[in-house]
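> this one's sequence-less:
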């Protein structure tokens with residue numbers, strides 16, 4: 001969108017992560033009564049933080065790059081991964097989905113997404129103000 005704007009790239013990647021988590025949670029809720037179903041989750045925050053730091057260093061003029069190992073994908077292409085979790089408590093039917101916990105996680109994720117969108121809106125407002133004076 002704005003080449004070189006790390007904030008927009010990070011917030012965009014965070015939105016993709018939050019949307020992927022939302023899809024996983026909704027999928028879990030839809031399969032809460034499916035025997036043997038294992039819940040899905042998306043953990044992206046630490047990978048996004050590493051990718052953002054790599055990108056920040058990559059974009060820093062005159063940064064010493066020797067001995068630095070960067071993530072393999074550019075931040076603009078950062079995609080969260082959906083993982084299956086088998087380590088949680090398993091019900092008698094073999095499923096590990098707790099509908100109440102999933103609903104709480106869905107609410108928390110929606111608040112997180114709204115916060116990200118608000119930050120992006122504020123950042124774009126600052127850019128608009130800088131352009132229009």
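Right, received. Where do you want to start? Quick caveat, the model's predicted, so the values are computed rather than measured.

> sec struct for residue 95, please.
When classified by DSSP: H, G, I helix; E, B strand; the rest coil, residue 95 comes out as coil.

> next, count neighbours for it.
Neighbours of residue 95 under the rule other C-beta atoms under 10 Å: 18. The C-beta positions use only the backbone N, C-alpha and C, and glycine is treated the same way.

> could you find the closest non-adjacent residue to the residue nearest in space to the middle of the chain?
In the chain, the centroid-proximal residue (C-alpha atoms, centre = their mean) is residue 17; its distance is 2.3 Å. Closest residue to residue 17 apart from its sequence neighbours, by C-beta to C-beta, 6 or more residues apart in numbering: residue 44 at 3.5 Å.

> tell me the contacts of that neighbour?
13, 14, 17, 20, 21, 80, 81 (C-beta atoms under 8 Å, 6 or more residues apart in numbering).

> most widely separated two among those residues?
Greatest spatial distance in the contacts of residue 44: 14 and 81, 14.8 Å, computed using C-beta to C-beta.

> which one of the two is surrounded by more residues?
residue 14 (23 against 10).
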